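J.: I'd like to go over a predicted model; first the sequence, then the structure.
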Amino acid sequence: MNSKITAEAIRAMRARGEKIAALTAYDYPMAKMLDEAGIPLILVGDSLGMVVLGYPDTTHVTMAEMEHHVRAAARAKPLALLGADLPYRSCETAAMAVTNAKRLVAAGAEFVKAEGGREILPQVGAIIAAGIPFCGHLGMLPQNVLVEGGYHVKGKTEIEHRALVSDAQALADAGAFAIVLELVTPPVATEITARVAIPTIGIGSGDGCDGQILVTYDLVGLFPWFTPRFVKPGAKCAADIKSAAAAWMKSIETTVRVQIVKDIKKG
Ligand code: KIV
C-alpha cells in the first residue's frame, strides 16, 4: 500500500483475506523503519513500560509517558496506521476515556486501544462517538497482571471461552475496527475470528487470526533478557550492539595505547 492507511483499510484487508502484520514502535527511528518495511499497522504499545522504560510491568506507564512516545513515533509520519494504548487506569469512566483518547490523538495517534470487553463498553462507545477509531484487546490483559498474579493463557475453560466470544462480539457491535487477541487458546481465537465481522490480530494465539502483532523488541532481539515462547527473533540486535560497543572500545583502547607508547618514546 502506497497511500495513508486508515482503520477502514485495515478492515478491508480482512475482507480481501490479506493477513494484517502489526508491530510496536516507541520512537521515531523504529516507526520509520517499520513503515519503510511496509508494516501497515504500528502500535505505540504500553509494552514500552517494560522494553524501553525498565518497569516490571505495564501498570506503571503513565499518560504523559505514552504521549511522549506517541509524539516521537508520529514524527516519522508513517503511511502505516499509527495507534496507541490507553495505559493503566486511564479509562476508568467514559469521560476519562474520551479525555485521554483525545490526548493520545493530539500527540499523533490515529486510533487507541484499551484492554477489556463488556466491562468497558461505555468507554468504548464514548471513544467511538468522539470520532476516534478504537481497537479492542481481549485474552490475557497485561494491565491485570497484579490482580491475576501473572500472565495466563485465556480460553482454556468453557466459562472463559464463552466470555471471550461474547466480549469480542460486544466490541465489534460497539464499533471497534479490530481486536487484539493476546494469549488466547488457538481454537478459541480461530472461533472468534470466524464469528466476528472485524479483524482479529493475534499475539501468542495461534495462526487462525486475521493478523499478527508482536513487540518489535522481541522480534529483533533488542530485549534479550526475556523472549516470549511464541516469538522466533529474526535478528540479534542486542548481541550486535554489544559486540559493536566492545569492538569500538577495543579500537579506542588500541588508539590510547598507541598514543601512550608514542608519548613514552618521545620521552
Ligand atoms: O503493549 C503492547 O505492545 C501490546 C501489544 C503486544 C498487543 O498491547
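T.: Sure, I can see it.

J.: the ligand contacts on this protein?
T.: Proximity of the chain to the ligand, by CB under 6 Å from any ligand atom, involves residues 24, 43, 45, 46, 47, 85, 180, 182, 203, 213, 215. In this view, the C-beta of every residue, glycine as well, is placed from N, C-alpha and C.

J.: restricting to C-alpha, output the strand or helix carrying the second one in PDB.
T.: Meaning residue 43. Secondary structure assignment for residue 43, by DSSP states H and E: strand 41-44. Output in PDB follows, covering the C-alpha atoms of strand 41-44 (Å, rounded to 0.1, in the frame of the first residue of the first chain):
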ATOM      1  CA  LEU A  41      -0.200  -1.100  11.400                       C
ATOM      2  CA  ILE A  42       2.100   0.300  14.100                       C
ATOM      3  CA  LEU A  43       1.200   0.400  17.700                       C
ATOM      4  CA  VAL A  44       2.800   2.500  20.400                       C
END
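
J.: point out where the chain drops to low pLDDT.
T.: 1, 254-267 (pLDDT under 70).

J.: which single residue of it ends up nearest the ligand?
T.: Nearest residue of the chain to the ligand: residue 45, at 2.1 Å (CB to the nearest ligand atom).

J.: which one is that residue nearest to, not counting chain neighbours?
T.: Nearest non-adjacent residue to residue 45, counting by CB to CB, 6 or more residues apart in numbering: residue 24, 4.4 Å away.

J.: bridged to the one you found, which residues?
T.: Residue 24 has these beta-bridge partners by DSSP bridges: residue 43.

J.: surely it is in contact with residue 44?
T.: Yes: at 7.0 Å, residue 24 counts as touching residue 44 under the criterion of CB atoms under 8 Å.

J.: more neighbours: which of those two?
T.: A direct count of neighbours by other CB atoms under 10 Å for residue 24 and residue 44 places residue 44 higher, at 30 against 26.

J.: look up how far residue 198 lies from residue 15.
T.: 10 Å (CB to CB, to the nearest Å).

J.: which one of the two is surrounded by more residues?
T.: Comparing residue 15 with residue 198 by other CB under 10 Å, the one with more neighbours is residue 198, at 22 against 10.

J.: in a strand, that's where the more buried one is, yeah?
T.: No: assigned with DSSP: H, G, I helix; E, B strand; the rest coil, residue 198 falls outside any strand and is coil.
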